[in-house]
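> Return a 3D structure for these sequence lines:
(one chain, ligands or ions: 2)
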Amino acid sequence: MKHTDLCDIFSSTENYVDKDITVCGWVRTVRDSKAVGFIALNDGTSLNNLQIVIDKEGFEKADEALHLSVGSSISVSGKLVKSLNDQQPVELHPTELTVLGTCPSDYPMQKKRHTLEFLRTIPHLRGRTNTFNAMFRIRSELAKAIHDFFQGRNFTYVHTPIITGSDCEGAGEIFRVTTHEFNTPYNTEEEYYANDFFKKKAGLTVSGQLEGEALALAMGKIYTFGPTFRAEKSNTPRHAAEFWQIEPEVSFADLNDIISLATDMIKYITKAVLDACPEEIDFFEKFFEKGLKDKLNNIVNSDFAVLEYTEAIEILKKADVEFQYPVSWGLDLQTEHERYLTDKVFGRPVFVINYPKEIKSFYMKLNPDGKTVAATDLLVPGVGEIIGASQREDNYDLLLDQIKSRGMTLEDYEWYLDLRKYGSAPHSGFGLGFERMLMYITGVGNIRDTAAFPRTTGSLV
Ligand code: 4AD
Ligand code: MG
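Ligands and ions are numbered 1, 2, ... in the order given. The predicted structure is shown next:
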């Protein structure tokens, strides 16, 4: 169907004024007054509605048009003219109108404003609200900006497997992949897996990092951008069972190099969204976070803090706050601690560096102190951790020690150890949680409102 997108009409109005055009979309509101009536039409390509002005005397389908129900889909042709009303730049004076799809009165999107909680129960329809229209457009622009950033810096985009046999983070949050039926006749675990599809235990990847390392030690610089999965039982506003991760991996790079890369990337993608989506950002500023635009401009223009884990613990110990989890060196920082550091102490993004090795993953490079690893988390106000990063252990023996002492199955990691045997090189990488970044950029407080069809424990709508 030949028609013009509303976003083009609003972004280059001069090309369409006084011309005959056809638009298609869904009826947002219908308003009737004395000689004329109005339909607000939205086609999803813009937050703005196009006003269709119905001349009750002059337009033969006026009666049908003014009886359209909210949510109906229509095609309208006519002349686009400059509007006399300063609420909108242009309006359409129709000469033809075709109803494409009617919409009965049980349509749940009749009301002007629904709660986010209600909208989560109808993910197939909530994209028709301004909130989700704005969110999904920002999500799309953010993805584009991430690819632009890495591709402009000699990184190769690689696709790592979704089904894997290894647990990168070792946190036991793997969704199992199996073709076994409910009632299987096997007596032992060994027998059970030996008879399964892959003839071994398989699961959905929690991270593309391990395979990403193999490719970085071949291509120099790579990044992944794909779905990752965690059987995360904690029912919080920041955890999803399925989320997208961006994982660059860089050969010949140490922790400082990867901190610089992460900083440059966050600034670049934030600026890209500010430039590409000014109306959407205004929308989130108005309805979700006061001061959002200033916050985003500050991300682009000011430095991020860097804080030793040991210093973070000292700050938290001195804090005039009763934490639920008591603070001592060795503590795995909880949301309450992260929030105190970002929201109360720094008020800007903070890289916490050099964590105790016991609370971090097996692959992280041991520091010369023998107690800490060259790892960092990027914590940001309002959200908490958005990036986990580290220099990788590139010493064969030290890595082998970690695999053994953590009771991991050596067989599953032999190929990974090979990378330290054949031309091992210092290398580092990070993982950015895409939905967490969206929470930060939009000010939306729940990860369930950043993905089209969110997956969380107990919920698969
Ligand atoms: O800190 P994580 O667990 O790090 C890794 O997976 C490393 N392998 C990354 C790497 O070095 N290549 O996860 C990385 C990020 C977190 O900082 C967070 O933003 C996001 O992924 N994340 C989640 N986002 C939503 N829901 C969850 N359940 C998440 N778990 C982690
Ligand atoms: Mg982490």
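> Pull up the residues of this structure that are close to ligand 1.
Neighbours of ligand 1 within the chain, by CB under 6 Å from any ligand atom: 168-169, 207, 209, 230, 232, 239-240, 243, 245, 247, 385-390, 429-431, 433, 435-436, 447. For glycine as for every other residue, the C-beta is placed from the backbone atoms N, C-alpha and C.
> Just the ones in helices from the residues you listed, please.
Among the residues of the chain next to ligand 1, the ones falling in helices (DSSP state H) are 209, 435-436.
> What subset of those is buried?
209, 435-436 (16 or more other CB atoms under 10 Å).
> all strands of the stretch 351-461 of the chain, in order?
Residue ranges of the strands in the stretch 351-461 of the chain, as given by DSSP state E, counting those that start in this stretch, are 372-380, 384-391, 427-433.
> Now tabulate those strands in TSV and tack on distance to Lys421, mean neighbour count and mean pLDDT.
TSV is the format used below for these (distance: least, CB to CB, whole Å; neighbours: other CB atoms under 10 Å; pLDDT from 0 to 100):
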stretch	distance to Lys421	mean neighbour count	mean pLDDT
strand 372-380	21	25	98
strand 384-391	19	23	97
strand 427-433	15	25	98
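> Between the ones you listed, which one is closest to Phe323.
Among those, strand 384-391 comes nearest to Phe323, with 14.5 Å by CB to CB.
> elements contacting the closest one?
Contact here means 3 or more CB pairs under 8 Å, 6 or more residues apart in numbering; DSSP states H and E; on that basis strand 384-391 packs against helix 255-276, helix 335-339, strand 372-380, strand 427-433, helix 434-442.
> Surely Phe288 touches Tyr440?
No - with contact defined as CB atoms under 8 Å, Phe288 does not reach Tyr440; the gap is 11.7 Å.
> Give me the more crowded residue out of these two.
Higher neighbour count among Phe288 and Tyr440: Tyr440, with 23 against 17, using other CB atoms under 10 Å.
> re the thing from before, can you tell me which of the ones in helices among the residues of the chain next to ligand 1 is nearest Ser424?
Gln209 (16.4 Å).
> Distance of the closest one relative to Leu50?
47 Å (CB to CB, to the nearest Å).
> got it, and Gly208?
Counting by CB to CB - Gly208 and Leu50 are separated by 43 Å.
> Neighbour count for those two, which is higher?
Gly208 (29 against 24).
> Verify the contact between the more buried one and Ile222 for me.
No - the criterion here is CB under 8 Å, and Gly208 misses it with Ile222 at 9.5 Å.
> how far out from the middle of the chain is stretch 262-277?
Once both centres are worked out by CA atoms, centre = their mean, to the nearest Å, stretch 262-277 turns out to sit 14 Å from its chain's centre.
> what's that stretch in contact with?
134, 137-138, 141-142, 144-146, 148-150, 248, 281, 293, 296-297, 299-300, 304, 349, 351, 378, 387, 389, 430, 432, 437, 441 (CB atoms under 8 Å, 6 or more residues apart in numbering).
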